[in-house]
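S.K.: Build me a model:
(one chain, ligands or ions: 2)
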Amino acid sequence: MTEALDVVILAAGKGTRMVSDRPKVLHKLAGKSMLQHVVDTASTLEPARICVIYGFGGEQVPSAIQDPEIKFVKQEPQLGTGHAVQQAIPYLDESHVALILYGDVPLIQHATLKALVALAKKGHVGLLTVELFEPQGYGRIVREGGEILRIVEHKDANQAELGIREVNTGIMAIPNRHLTKWLHSLTNQNAQGEYYLTDVIELAKNDGVKITACMPDNAWEVTGVNSRAQLEQLERQYQRERAQKLMDAGVSLNDASRFDVRGTLTCGNDVEIDINCLFEGTVTLGDAVQVGANCVLKDVTVASGTRIEAFTHIEQASVGRDCKIGPYARIRPGSVLSDEVHIGNFVELKNSQIGFNSKINHLSYIGDSTVGSKVNIGAGAITCNYDGANKFRTVIEDGAFIGSDTQLIAPVTVGKGATIGAGSTITKDAPGGELTLSRSKQVSIPGWKRPVKTPLDKTSKE
Ligand code: UD1
Ligand code: MG
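M.R.: Ligands and ions are numbered 1, 2, ... in the order given. I've put the predicted structure just below:
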(Lines give C-alpha, C1' and ligand atoms only; values in the text may rest on other atoms or scores of the structure.)
(Ligands and ions follow the chains in the order given, each with its own letter.)
Protein backbone atom coordinates (compact mmCIF):
# COMPACT_ATOMS: atom_id res chain seq x y z
CA MET A 1 0.00 0.00 0.00
CA THR A 2 1.33 3.40 -0.96
CA GLU A 3 1.46 6.06 1.72
CA ALA A 4 3.15 9.36 0.88
CA LEU A 5 1.73 12.04 -1.38
CA ASP A 6 3.18 14.14 -4.19
CA VAL A 7 1.07 17.13 -5.24
CA VAL A 8 1.27 18.51 -8.78
CA ILE A 9 -0.35 21.90 -9.38
CA LEU A 10 -0.94 22.93 -12.98
CA ALA A 11 -0.33 26.64 -13.37
CA ALA A 12 1.32 27.15 -16.75
CA GLY A 13 -1.62 28.56 -18.68
CA LYS A 14 -1.89 32.18 -19.75
CA GLY A 15 -5.53 32.75 -18.98
CA THR A 16 -6.19 34.78 -22.13
CA ARG A 17 -9.61 35.90 -20.93
CA MET A 18 -8.12 37.66 -17.89
CA VAL A 19 -6.65 40.21 -20.36
CA SER A 20 -3.60 40.61 -18.13
CA ASP A 21 0.19 40.65 -18.23
CA ARG A 22 0.15 38.63 -15.03
CA PRO A 23 -0.35 34.84 -15.11
CA LYS A 24 -3.94 34.00 -14.24
CA VAL A 25 -3.02 32.01 -11.12
CA LEU A 26 -1.47 35.11 -9.53
CA HIS A 27 -4.72 37.05 -9.59
CA LYS A 28 -6.06 37.43 -6.08
CA LEU A 29 -9.07 36.03 -4.33
CA ALA A 30 -9.70 37.35 -0.82
CA GLY A 31 -6.36 39.12 -0.90
CA LYS A 32 -4.33 36.00 -1.72
CA SER A 33 -3.32 34.65 -5.13
CA MET A 34 -5.39 31.75 -6.45
CA LEU A 35 -2.24 29.63 -6.60
CA GLN A 36 -1.41 30.41 -2.97
CA HIS A 37 -4.89 29.23 -1.95
CA VAL A 38 -4.24 25.91 -3.70
CA VAL A 39 -0.74 25.60 -2.22
CA ASP A 40 -2.05 26.32 1.29
CA THR A 41 -4.84 23.75 1.00
CA ALA A 42 -2.46 21.18 -0.50
CA SER A 43 -0.07 21.76 2.42
CA THR A 44 -2.76 20.71 4.89
CA LEU A 45 -2.49 17.20 3.39
CA GLU A 46 1.16 17.10 4.50
CA PRO A 47 2.53 16.00 1.15
CA ALA A 48 6.10 14.79 0.66
CA ARG A 49 6.41 17.27 -2.20
CA ILE A 50 4.53 20.03 -3.97
CA CYS A 51 5.42 20.57 -7.60
CA VAL A 52 4.09 23.65 -9.43
CA ILE A 53 4.12 23.55 -13.22
CA TYR A 54 4.48 27.09 -14.52
CA GLY A 55 5.06 28.66 -17.93
CA PHE A 56 3.28 31.82 -19.01
CA GLY A 57 4.63 34.97 -17.38
CA GLY A 58 8.18 33.66 -16.92
CA GLU A 59 9.51 33.75 -13.38
CA GLN A 60 6.55 35.70 -11.99
CA VAL A 61 4.99 32.54 -10.57
CA PRO A 62 8.01 31.21 -8.60
CA SER A 63 8.91 34.67 -7.34
CA ALA A 64 5.35 35.36 -6.16
CA ILE A 65 5.11 32.17 -4.12
CA GLN A 66 8.60 32.20 -2.52
CA ASP A 67 8.43 28.87 -0.76
CA PRO A 68 11.63 26.79 -0.59
CA GLU A 69 9.56 23.64 -0.04
CA ILE A 70 7.95 23.93 -3.46
CA LYS A 71 9.54 22.56 -6.62
CA PHE A 72 8.80 24.84 -9.58
CA VAL A 73 9.04 23.18 -12.97
CA LYS A 74 8.84 25.16 -16.18
CA GLN A 75 6.64 23.85 -19.00
CA GLU A 76 7.66 25.40 -22.29
CA PRO A 77 5.91 25.24 -24.69
CA GLN A 78 2.55 24.35 -23.16
CA LEU A 79 1.25 21.34 -25.02
CA GLY A 80 -1.66 20.37 -22.81
CA THR A 81 -2.51 19.13 -19.33
CA GLY A 82 -0.90 15.70 -19.92
CA HIS A 83 2.29 17.37 -21.14
CA ALA A 84 2.19 19.60 -18.05
CA VAL A 85 2.10 16.62 -15.68
CA GLN A 86 4.85 14.90 -17.71
CA GLN A 87 7.19 17.73 -16.61
CA ALA A 88 6.76 16.56 -13.02
CA ILE A 89 7.77 12.93 -13.69
CA PRO A 90 11.37 13.37 -12.40
CA TYR A 91 9.93 14.50 -9.06
CA LEU A 92 7.33 11.78 -8.61
CA ASP A 93 8.33 8.95 -6.29
CA GLU A 94 7.19 5.57 -7.64
CA SER A 95 5.95 4.48 -4.23
CA HIS A 96 3.85 7.63 -3.68
CA VAL A 97 0.49 8.73 -5.00
CA ALA A 98 0.06 11.92 -7.02
CA LEU A 99 -2.68 14.48 -6.48
CA ILE A 100 -3.20 16.72 -9.48
CA LEU A 101 -4.64 20.16 -8.79
CA TYR A 102 -5.31 23.25 -10.90
CA GLY A 103 -3.88 26.62 -9.91
CA ASP A 104 -7.02 28.31 -11.22
CA VAL A 105 -9.41 26.26 -9.06
CA PRO A 106 -8.65 28.06 -5.80
CA LEU A 107 -11.35 26.99 -3.36
CA ILE A 108 -10.88 23.22 -3.34
CA GLN A 109 -11.18 22.00 0.26
CA HIS A 110 -9.12 19.69 2.44
CA ALA A 111 -11.92 17.15 3.10
CA THR A 112 -12.65 16.63 -0.59
CA LEU A 113 -8.96 16.11 -1.41
CA LYS A 114 -8.48 13.77 1.52
CA ALA A 115 -11.24 11.51 0.24
CA LEU A 116 -9.73 11.53 -3.25
CA VAL A 117 -6.21 10.75 -2.01
CA ALA A 118 -7.58 7.89 0.11
CA LEU A 119 -8.83 6.26 -3.11
CA ALA A 120 -5.39 6.47 -4.72
CA LYS A 121 -3.81 5.04 -1.58
CA LYS A 122 -6.06 2.01 -2.10
CA GLY A 123 -4.61 1.67 -5.61
CA HIS A 124 -7.56 3.27 -7.47
CA VAL A 125 -7.62 6.20 -9.81
CA GLY A 126 -9.60 8.76 -7.81
CA LEU A 127 -11.44 11.16 -10.09
CA LEU A 128 -13.26 14.26 -8.85
CA THR A 129 -16.40 14.85 -10.90
CA VAL A 130 -19.50 17.04 -10.72
CA GLU A 131 -22.88 17.09 -12.41
CA LEU A 132 -23.56 20.34 -14.26
CA PHE A 133 -26.73 21.63 -15.92
CA GLU A 134 -24.54 23.43 -18.43
CA PRO A 135 -21.54 21.15 -19.05
CA GLN A 136 -20.27 23.13 -22.08
CA GLY A 137 -16.49 23.17 -22.37
CA TYR A 138 -15.84 20.44 -19.83
CA GLY A 139 -14.54 16.93 -20.38
CA ARG A 140 -17.45 14.45 -20.10
CA ILE A 141 -17.29 11.28 -18.01
CA VAL A 142 -18.22 8.35 -20.27
CA ARG A 143 -19.65 5.41 -18.34
CA GLU A 144 -20.93 1.99 -19.35
CA GLY A 145 -23.04 0.04 -16.91
CA GLY A 146 -22.02 2.59 -14.26
CA GLU A 147 -18.29 1.99 -14.80
CA ILE A 148 -16.08 4.83 -16.02
CA LEU A 149 -14.60 4.06 -19.44
CA ARG A 150 -12.89 7.29 -20.39
CA ILE A 151 -13.14 11.08 -20.49
CA VAL A 152 -14.00 12.78 -23.74
CA GLU A 153 -13.16 16.45 -24.15
CA HIS A 154 -15.97 18.77 -25.27
CA LYS A 155 -14.26 19.47 -28.60
CA ASP A 156 -13.83 15.74 -29.32
CA ALA A 157 -17.29 14.61 -28.15
CA ASN A 158 -20.08 13.25 -30.35
CA GLN A 159 -23.73 14.31 -29.96
CA ALA A 160 -24.56 11.57 -27.44
CA GLU A 161 -21.46 12.37 -25.36
CA LEU A 162 -22.26 16.10 -25.36
CA GLY A 163 -25.47 15.20 -23.54
CA ILE A 164 -23.55 13.78 -20.55
CA ARG A 165 -23.83 16.02 -17.51
CA GLU A 166 -21.19 14.41 -15.32
CA VAL A 167 -17.94 16.30 -16.00
CA ASN A 168 -14.28 16.12 -15.13
CA THR A 169 -13.18 18.77 -12.63
CA GLY A 170 -9.58 18.06 -13.67
CA ILE A 171 -8.62 17.10 -10.13
CA MET A 172 -7.50 13.51 -9.71
CA ALA A 173 -5.34 11.26 -7.53
CA ILE A 174 -3.37 8.38 -9.03
CA PRO A 175 -0.67 5.99 -7.76
CA ASN A 176 2.59 7.20 -9.33
CA ARG A 177 3.62 3.73 -10.52
CA HIS A 178 0.66 3.81 -12.91
CA LEU A 179 0.66 7.52 -13.66
CA THR A 180 4.24 7.75 -14.92
CA LYS A 181 3.71 4.79 -17.23
CA TRP A 182 0.45 6.20 -18.65
CA LEU A 183 1.93 9.67 -19.11
CA HIS A 184 4.62 8.19 -21.35
CA SER A 185 2.01 6.71 -23.66
CA LEU A 186 -0.10 9.85 -24.24
CA THR A 187 -0.50 11.10 -27.81
CA ASN A 188 -1.85 14.36 -29.22
CA GLN A 189 -4.20 12.84 -31.78
CA ASN A 190 -7.25 14.92 -30.89
CA ALA A 191 -9.21 18.02 -31.86
CA GLN A 192 -6.83 20.37 -30.04
CA GLY A 193 -3.55 18.63 -30.92
CA GLU A 194 -2.72 18.55 -27.19
CA TYR A 195 -1.47 15.90 -24.79
CA TYR A 196 -4.56 15.38 -22.66
CA LEU A 197 -4.13 14.27 -19.06
CA THR A 198 -7.69 12.96 -19.31
CA ASP A 199 -6.52 10.17 -21.63
CA VAL A 200 -4.97 8.39 -18.62
CA ILE A 201 -8.49 7.32 -17.63
CA GLU A 202 -8.88 5.10 -20.70
CA LEU A 203 -5.35 3.75 -20.12
CA ALA A 204 -6.31 2.89 -16.55
CA LYS A 205 -9.40 1.09 -17.78
CA ASN A 206 -7.29 -0.91 -20.28
CA ASP A 207 -4.86 -1.87 -17.51
CA GLY A 208 -7.72 -3.02 -15.30
CA VAL A 209 -7.05 -0.36 -12.64
CA LYS A 210 -10.21 0.61 -10.77
CA ILE A 211 -11.46 4.15 -11.48
CA THR A 212 -13.58 5.63 -8.72
CA ALA A 213 -15.31 8.96 -8.99
CA CYS A 214 -16.07 11.11 -6.01
CA MET A 215 -17.86 14.43 -5.76
CA PRO A 216 -16.88 17.52 -3.77
CA ASP A 217 -18.88 18.48 -0.68
CA ASN A 218 -19.71 21.84 -2.30
CA ALA A 219 -20.00 22.67 -6.01
CA TRP A 220 -18.06 25.96 -5.57
CA GLU A 221 -14.94 24.03 -4.54
CA VAL A 222 -14.31 22.98 -8.14
CA THR A 223 -15.25 26.24 -9.84
CA GLY A 224 -12.42 27.35 -12.10
CA VAL A 225 -11.65 30.96 -12.97
CA ASN A 226 -11.19 32.05 -16.57
CA SER A 227 -12.14 35.73 -16.46
CA ARG A 228 -12.17 38.63 -14.03
CA ALA A 229 -15.96 38.41 -13.85
CA GLN A 230 -15.72 34.75 -12.78
CA LEU A 231 -13.08 35.69 -10.22
CA GLU A 232 -15.40 38.34 -8.77
CA GLN A 233 -18.23 35.80 -8.57
CA LEU A 234 -16.05 33.27 -6.81
CA GLU A 235 -14.80 35.95 -4.41
CA ARG A 236 -18.42 36.72 -3.45
CA GLN A 237 -19.09 32.99 -3.03
CA TYR A 238 -16.05 32.72 -0.75
CA GLN A 239 -17.07 35.76 1.30
CA ARG A 240 -20.62 34.42 1.64
CA GLU A 241 -19.24 31.15 3.00
CA ARG A 242 -17.08 33.03 5.50
CA ALA A 243 -20.01 35.20 6.55
CA GLN A 244 -22.26 32.17 6.95
CA LYS A 245 -19.70 30.41 9.17
CA LEU A 246 -19.35 33.50 11.38
CA MET A 247 -23.11 33.93 11.72
CA ASP A 248 -23.43 30.23 12.59
CA ALA A 249 -20.85 30.86 15.31
CA GLY A 250 -22.88 33.71 16.82
CA VAL A 251 -21.66 36.84 15.01
CA SER A 252 -24.21 39.42 13.79
CA LEU A 253 -23.60 40.88 10.35
CA ASN A 254 -25.88 43.67 9.17
CA ASP A 255 -25.38 42.59 5.57
CA ALA A 256 -23.43 39.46 4.68
CA SER A 257 -23.01 40.71 1.11
CA ARG A 258 -21.17 43.82 2.32
CA PHE A 259 -18.52 42.10 4.41
CA ASP A 260 -15.01 41.01 3.42
CA VAL A 261 -12.33 38.95 5.08
CA ARG A 262 -8.89 38.72 3.51
CA GLY A 263 -7.16 36.52 6.05
CA THR A 264 -8.48 35.12 9.31
CA LEU A 265 -11.19 36.69 11.43
CA THR A 266 -11.84 35.12 14.83
CA CYS A 267 -14.75 36.41 16.89
CA GLY A 268 -16.02 35.93 20.43
CA ASN A 269 -19.72 35.78 21.31
CA ASP A 270 -22.19 38.47 20.29
CA VAL A 271 -19.85 40.43 18.05
CA GLU A 272 -21.74 42.89 15.82
CA ILE A 273 -20.36 44.02 12.49
CA ASP A 274 -22.04 46.76 10.47
CA ILE A 275 -21.87 47.11 6.68
CA ASN A 276 -18.81 47.51 4.42
CA CYS A 277 -16.13 46.39 6.86
CA LEU A 278 -12.88 44.84 5.67
CA PHE A 279 -10.79 42.49 7.84
CA GLU A 280 -7.26 41.73 6.64
CA GLY A 281 -4.45 39.54 7.96
CA THR A 282 -5.20 38.11 11.38
CA VAL A 283 -7.98 39.86 13.26
CA THR A 284 -9.37 38.76 16.62
CA LEU A 285 -12.45 40.39 18.11
CA GLY A 286 -13.41 39.62 21.72
CA ASP A 287 -16.92 39.08 23.10
CA ALA A 288 -19.50 41.78 22.35
CA VAL A 289 -17.15 43.90 20.24
CA GLN A 290 -19.08 46.22 17.94
CA VAL A 291 -17.64 47.38 14.64
CA GLY A 292 -19.39 50.30 12.93
CA ALA A 293 -19.85 50.75 9.20
CA ASN A 294 -16.92 51.15 6.80
CA CYS A 295 -14.08 50.12 9.12
CA VAL A 296 -10.82 48.53 7.98
CA LEU A 297 -8.98 46.31 10.49
CA LYS A 298 -5.69 44.67 9.57
CA ASP A 299 -3.70 42.43 11.94
CA VAL A 300 -5.58 43.68 14.97
CA THR A 301 -6.68 42.28 18.32
CA VAL A 302 -9.64 43.92 20.04
CA ALA A 303 -10.66 42.87 23.56
CA SER A 304 -14.23 42.39 24.72
CA GLY A 305 -16.82 45.14 24.95
CA THR A 306 -14.96 47.62 22.77
CA ARG A 307 -16.89 49.68 20.27
CA ILE A 308 -15.22 50.77 17.04
CA GLU A 309 -17.24 53.51 15.38
CA ALA A 310 -17.71 54.04 11.66
CA PHE A 311 -14.87 54.85 9.26
CA THR A 312 -12.09 53.75 11.60
CA HIS A 313 -8.85 52.29 10.24
CA ILE A 314 -6.65 50.15 12.52
CA GLU A 315 -3.49 48.30 11.49
CA GLN A 316 -1.03 46.14 13.46
CA ALA A 317 -2.37 47.25 16.81
CA SER A 318 -4.03 45.86 19.87
CA VAL A 319 -7.01 47.47 21.55
CA GLY A 320 -8.05 46.70 25.12
CA ARG A 321 -11.40 46.00 26.74
CA ASP A 322 -14.34 48.45 26.76
CA CYS A 323 -12.62 51.06 24.62
CA LYS A 324 -14.41 53.52 22.38
CA ILE A 325 -12.63 54.19 19.11
CA GLY A 326 -13.66 56.57 16.33
CA PRO A 327 -15.57 57.51 14.29
CA TYR A 328 -12.81 58.43 11.84
CA ALA A 329 -9.89 57.26 13.97
CA ARG A 330 -6.65 56.00 12.46
CA ILE A 331 -4.53 53.68 14.58
CA ARG A 332 -1.26 52.77 12.93
CA PRO A 333 1.28 49.95 13.49
CA GLY A 334 2.82 49.44 16.90
CA SER A 335 -0.02 50.98 18.89
CA VAL A 336 -1.16 49.26 22.07
CA LEU A 337 -4.26 50.56 23.81
CA SER A 338 -5.12 49.47 27.35
CA ASP A 339 -8.66 49.05 28.66
CA GLU A 340 -11.34 51.79 28.61
CA VAL A 341 -9.37 54.07 26.29
CA HIS A 342 -11.28 56.65 24.22
CA ILE A 343 -9.93 57.65 20.82
CA GLY A 344 -12.14 60.12 18.96
CA ASN A 345 -12.54 61.55 15.50
CA PHE A 346 -9.59 62.49 13.34
CA VAL A 347 -7.08 61.16 15.84
CA GLU A 348 -4.00 59.40 14.45
CA LEU A 349 -1.91 57.15 16.69
CA LYS A 350 1.37 55.53 15.66
CA ASN A 351 3.69 53.27 17.62
CA SER A 352 2.27 54.48 20.93
CA GLN A 353 1.08 52.90 24.14
CA ILE A 354 -2.03 54.42 25.66
CA GLY A 355 -2.72 53.61 29.32
CA PHE A 356 -5.94 52.69 31.11
CA ASN A 357 -8.88 55.08 30.67
CA SER A 358 -6.90 57.74 28.81
CA LYS A 359 -8.76 59.96 26.35
CA ILE A 360 -7.65 61.48 23.07
CA ASN A 361 -10.92 62.63 21.66
CA HIS A 362 -10.37 65.10 18.84
CA LEU A 363 -7.96 65.93 16.00
CA SER A 364 -4.63 64.74 17.43
CA TYR A 365 -1.46 63.09 16.23
CA ILE A 366 0.24 60.97 18.88
CA GLY A 367 3.32 59.16 17.56
CA ASP A 368 6.18 57.29 19.26
CA SER A 369 4.63 58.03 22.65
CA THR A 370 4.09 56.35 25.98
CA VAL A 371 0.91 57.69 27.52
CA GLY A 372 0.03 56.68 31.09
CA SER A 373 -3.37 56.04 32.58
CA LYS A 374 -6.18 58.59 33.00
CA VAL A 375 -4.44 61.08 30.74
CA ASN A 376 -6.57 63.60 28.87
CA ILE A 377 -5.22 64.96 25.61
CA GLY A 378 -7.13 67.99 24.33
CA ALA A 379 -8.33 68.77 20.82
CA GLY A 380 -5.62 69.34 18.27
CA ALA A 381 -2.71 68.43 20.58
CA ILE A 382 0.13 66.74 18.71
CA THR A 383 3.50 65.16 19.31
CA CYS A 384 6.33 66.46 17.11
CA ASN A 385 8.26 63.21 17.00
CA TYR A 386 10.38 63.80 13.92
CA ASP A 387 13.07 66.41 13.30
CA GLY A 388 13.38 65.56 9.62
CA ALA A 389 16.05 62.93 10.25
CA ASN A 390 15.35 61.11 13.52
CA LYS A 391 12.35 60.12 15.59
CA PHE A 392 12.04 60.73 19.33
CA ARG A 393 9.69 59.56 22.05
CA THR A 394 7.22 61.50 24.09
CA VAL A 395 6.31 60.30 27.58
CA ILE A 396 3.10 61.51 29.21
CA GLU A 397 2.72 60.20 32.73
CA ASP A 398 -0.44 59.14 34.58
CA GLY A 399 -3.14 61.70 35.13
CA ALA A 400 -1.56 64.42 32.97
CA PHE A 401 -3.83 66.93 31.20
CA ILE A 402 -2.61 68.25 27.86
CA GLY A 403 -4.40 71.44 26.83
CA SER A 404 -5.83 71.83 23.33
CA ASP A 405 -3.54 72.66 20.43
CA THR A 406 -0.37 71.81 22.36
CA GLN A 407 2.75 70.73 20.51
CA LEU A 408 4.99 68.35 22.46
CA ILE A 409 8.45 68.53 20.90
CA ALA A 410 10.05 65.12 21.47
CA PRO A 411 12.07 63.92 23.26
CA VAL A 412 10.03 65.28 26.12
CA THR A 413 8.35 64.03 29.29
CA VAL A 414 5.22 65.41 30.90
CA GLY A 415 5.23 64.38 34.57
CA LYS A 416 2.53 62.69 36.58
CA GLY A 417 -0.54 64.86 37.08
CA ALA A 418 1.00 67.78 35.13
CA THR A 419 -1.24 70.25 33.31
CA ILE A 420 -0.16 71.84 30.05
CA GLY A 421 -1.90 75.10 29.16
CA ALA A 422 -3.71 75.18 25.81
CA GLY A 423 -1.75 76.39 22.82
CA SER A 424 1.67 75.63 24.34
CA THR A 425 4.79 74.51 22.55
CA ILE A 426 6.55 72.25 25.05
CA THR A 427 10.24 71.78 24.35
CA LYS A 428 11.48 70.87 27.84
CA ASP A 429 10.22 68.31 30.35
CA ALA A 430 7.14 69.52 32.26
CA PRO A 431 7.23 68.70 36.00
CA GLY A 432 4.54 66.52 37.54
CA GLY A 433 1.69 68.20 39.39
CA GLU A 434 2.46 71.69 37.98
CA LEU A 435 0.87 73.88 35.32
CA THR A 436 3.26 74.47 32.44
CA LEU A 437 2.47 76.75 29.56
CA SER A 438 4.47 78.53 26.87
CA ARG A 439 2.12 81.12 25.54
CA SER A 440 2.96 84.73 24.73
CA LYS A 441 0.90 87.32 26.56
CA GLN A 442 -2.31 88.44 24.87
CA VAL A 443 -2.15 92.06 23.73
CA SER A 444 -4.63 94.40 22.04
CA ILE A 445 -3.32 97.22 19.82
CA PRO A 446 -5.52 100.28 20.03
CA GLY A 447 -6.34 101.99 16.72
CA TRP A 448 -5.01 99.18 14.53
CA LYS A 449 -6.61 99.08 11.05
CA ARG A 450 -7.04 96.12 8.75
CA PRO A 451 -5.07 96.44 5.53
CA VAL A 452 -7.16 97.30 2.45
CA LYS A 453 -6.53 96.54 -1.20
CA THR A 454 -4.55 99.24 -3.06
CA PRO A 455 -6.79 100.51 -5.97
CA LEU A 456 -5.34 99.76 -9.44
CA ASP A 457 -3.79 102.80 -11.19
CA LYS A 458 -5.66 102.80 -14.54
CA THR A 459 -3.21 105.21 -16.29
CA SER A 460 -0.04 103.13 -15.85
CA LYS A 461 -0.65 99.89 -17.69
CA GLU A 462 2.98 99.02 -18.34
C1 UD1 B 1 -9.42 20.55 -18.59
C2 UD1 B 1 -9.74 19.07 -18.77
C3 UD1 B 1 -11.26 18.89 -18.82
C4 UD1 B 1 -11.89 19.45 -17.58
C5 UD1 B 1 -11.51 20.90 -17.37
C6 UD1 B 1 -11.97 21.37 -16.04
C7 UD1 B 1 -7.91 18.14 -20.05
C8 UD1 B 1 -7.47 17.73 -21.39
N9 UD1 B 1 -9.13 18.63 -19.99
O10 UD1 B 1 -9.87 21.22 -19.75
O11 UD1 B 1 -11.56 17.51 -18.95
O12 UD1 B 1 -13.31 19.34 -17.67
O13 UD1 B 1 -10.06 21.04 -17.40
O14 UD1 B 1 -11.73 22.73 -15.93
O15 UD1 B 1 -7.19 17.98 -19.10
N16 UD1 B 1 -2.32 23.87 -18.07
C17 UD1 B 1 -0.95 23.80 -18.00
N18 UD1 B 1 -0.24 23.49 -19.13
C19 UD1 B 1 -0.84 23.22 -20.32
C20 UD1 B 1 -2.24 23.29 -20.38
C21 UD1 B 1 -2.96 23.60 -19.25
O22 UD1 B 1 -0.36 24.03 -16.96
O23 UD1 B 1 -0.13 22.94 -21.28
C24 UD1 B 1 -3.08 24.19 -16.88
C25 UD1 B 1 -3.86 25.48 -17.02
O26 UD1 B 1 -3.11 26.58 -16.57
C27 UD1 B 1 -5.07 25.22 -16.11
C28 UD1 B 1 -5.25 23.70 -16.20
O29 UD1 B 1 -4.02 23.19 -16.64
O30 UD1 B 1 -4.79 25.54 -14.77
C31 UD1 B 1 -6.37 23.31 -17.14
O32 UD1 B 1 -6.09 23.74 -18.43
P33 UD1 B 1 -7.21 24.25 -19.40
O34 UD1 B 1 -6.61 24.64 -20.66
O35 UD1 B 1 -8.09 25.21 -18.72
O36 UD1 B 1 -8.03 22.89 -19.64
P37 UD1 B 1 -9.50 22.74 -20.12
O38 UD1 B 1 -9.52 22.82 -21.60
O39 UD1 B 1 -10.37 23.64 -19.37
MG1 MG C 1 -10.08 25.39 -18.13
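
S.K.: Quick check: the closest residue to residue 351 other than its chain neighbours vs residue 444, distance?
M.R.: With C-beta to C-beta, 6 or more residues apart in numbering as the criterion, residue 351 has its nearest non-adjacent residue at 3.5 Å, and that residue is residue 334. Yep, even glycine has a C-beta here, placed from its N, CA and C like the rest. Taking C-beta to C-beta, to the nearest Å as the measure, residue 334 falls 46 Å from residue 444.

S.K.: how many other residues sit next to the residue nearest to residue 351?
M.R.: Residue 334: 16 surrounding residues under other C-beta atoms under 10 Å.

S.K.: Thought residue 315 was touching it, still the case?
M.R.: No. Counting by C-beta atoms under 8 Å, residue 334 does not reach residue 315; the two are 9.6 Å apart.

S.K.: confidence score at whichever residue of the stretch 51-200 of the chain sits closest to ligand 1?
M.R.: Nearest residue of the stretch 51-200 of the chain to ligand 1, counting by C-beta to the nearest ligand atom: residue 139, 2.2 Å away. pLDDT for residue 139: 97.

S.K.: what's near enough to touch it?
M.R.: Contacts for residue 139 (C-beta atoms under 8 Å, 6 or more residues apart in numbering) come out as 151-154, 167-168, 170, 198.

S.K.: May I see the buried residues of the longest helix anywhere in the chain?
M.R.: Ranked by residue count and defined by DSSP state H, the top helix of the chain is helix 228-248. With burial defined by 16 or more other C-beta atoms under 10 Å, the residues of helix 228-248 counted as buried are 231, 234-235, 237-239, 242-243, 246.

S.K.: any chance of those in JSON lines, with distance to ligand 1 too?
M.R.: Listed next are these as JSON lines, based on distance: C-beta to the nearest ligand atom, whole Å:
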{"residue": "231", "distance to ligand 1": "14"}
{"residue": "234", "distance to ligand 1": "13"}
{"residue": "235", "distance to ligand 1": "18"}
{"residue": "237", "distance to ligand 1": "17"}
{"residue": "238", "distance to ligand 1": "18"}
{"residue": "239", "distance to ligand 1": "23"}
{"residue": "242", "distance to ligand 1": "24"}
{"residue": "243", "distance to ligand 1": "27"}
{"residue": "246", "distance to ligand 1": "30"}
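
S.K.: Which positions in the stretch 51-200 of the chain make contact with ligand 1?
M.R.: Counting by C-beta under 6 Å from any ligand atom, the stretch 51-200 of the chain comes close to ligand 1 at 53, 75, 78-81, 83-84, 102-104, 138-139, 151, 153, 167-170, 196-198.

S.K.: Inside helices: which ones of these?
M.R.: Using DSSP H, the subset of these located in helices is 81, 83-84.

S.K.: mind putting the residues you listed in TSV, neighbour count, pLDDT and distance to residue 11 included?
M.R.: TSV is the format used below for these (neighbours: other C-beta atoms under 10 Å; pLDDT from 0 to 100; distance: C-beta to C-beta, whole Å):
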residue	neighbour count	pLDDT	distance to residue 11
81	25	97	11
83	20	98	14
84	26	98	9
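
S.K.: would you turn those into a markdown table with distance to residue 64?
M.R.: Converted to a markdown table, these look like this (distance: C-beta to C-beta, whole Å):
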| residue | distance to residue 64 |
| --- | --- |
| 81 | 22 |
| 83 | 23 |
| 84 | 19 |
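
S.K.: Tell me where the stretch 351-462 of the chain is predicted with low confidence.
M.R.: Across the stretch 351-462 of the chain, the ranges flagged by pLDDT under 70 are 458-462.

S.K.: Make sure residue 155 is indeed in a helix.
M.R.: Yes. Under DSSP: H, G, I helix; E, B strand; the rest coil, residue 155 falls within a helix.

S.K.: so it touches residue 196, yeah?
M.R.: No. When contacts are counted by C-beta under 8 Å, residue 155 is not listed as touching residue 196 (10.4 Å).

S.K.: neighbour count winner among these two?
M.R.: Higher neighbour count among residue 155 and residue 196: residue 196, with 24 against 11, using other C-beta under 10 Å.

S.K.: got the contact list for that one?
M.R.: Counting by C-beta under 8 Å, 6+ apart, residue 196 has contacts 80-82, 151, 153, 186, 188, 190.

S.K.: Equivalent analysis for residue 280, please.
M.R.: Neighbours of residue 280 in contact, by C-beta under 8 Å, 6+ apart: 31, 261-263, 296-299.

S.K.: Can you lay out those residues as a markdown table showing pLDDT and secondary structure?
M.R.: Putting those into a markdown table (pLDDT from 0 to 100; DSSP: H, G, I helix; E, B strand; the rest coil) gives the following:
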| residue | pLDDT | secondary structure |
| --- | --- | --- |
| 31 | 97 | coil |
| 261 | 98 | strand |
| 262 | 98 | strand |
| 263 | 97 | strand |
| 296 | 98 | strand |
| 297 | 98 | strand |
| 298 | 98 | strand |
| 299 | 98 | strand |
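
S.K.: Ligand 1: which of the residues you listed is nearest?
M.R.: Nearest to ligand 1, judged by C-beta to the nearest ligand atom, of the contacts of residue 280 is residue 31 at 20.8 Å.

S.K.: any idea how far that closest one is from residue 278?
M.R.: Plainly put, residue 31 is 9 Å away from residue 278 if you go by C-beta to C-beta.

S.K.: Overlap in contacts, those two.
M.R.: Listed as contacting both residue 31 and residue 278 by C-beta under 8 Å, 6+ apart are residue 262.

S.K.: Based on its surroundings, how many neighbours for the residue in the stretch 351-462 of the chain positioned nearest to ligand 1?
M.R.: Residue nearest to ligand 1 within the stretch 351-462 of the chain (C-beta to the nearest ligand atom): residue 351, separated by 43.5 Å. Per other C-beta under 10 Å, the neighbour tally for residue 351 reads 18.

S.K.: can I see the domain layout of the protein?
M.R.: Using automatic domain parsing, the domain parsing of the chain gives 5-222, 242-436.

S.K.: And those domains: which comes nearest residue 454?
M.R.: domain 242-436 (33.8 Å; C-beta to C-beta).

S.K.: Now do the closest one: distance from first to last residue.
M.R.: End-to-end distance for domain 242-436: 53 Å, by C-alpha to C-alpha, to the nearest Å.

S.K.: do the same with stretch 142-158
M.R.: With C-alpha to C-alpha applied, stretch 142-158 spans 11 Å between its terminal residues.

S.K.: the helices in the stretch 51-200 of the chain, which residues?
M.R.: Remark: helices assigned in the stretch 51-200 of the chain by DSSP state H, counting those that start in this stretch are 60-65, 81-86, 110-121, 159-162, 176-184, 200-206.

S.K.: Determine which of those helices approaches residue 306 most closely.
M.R.: Closest approach to residue 306 among the helices of the stretch 51-200 of the chain (C-beta to C-beta): helix 110-121, 33.4 Å.

S.K.: how much space between the spatially closest residue to residue 222 that is not a sequence neighbour and residue 220?
M.R.: Excluding the flanking residues, the one nearest residue 222 by C-beta to C-beta, 6+ apart is residue 169, at 4.1 Å. From residue 169 across to residue 220, the span is 12 Å (C-beta to C-beta).
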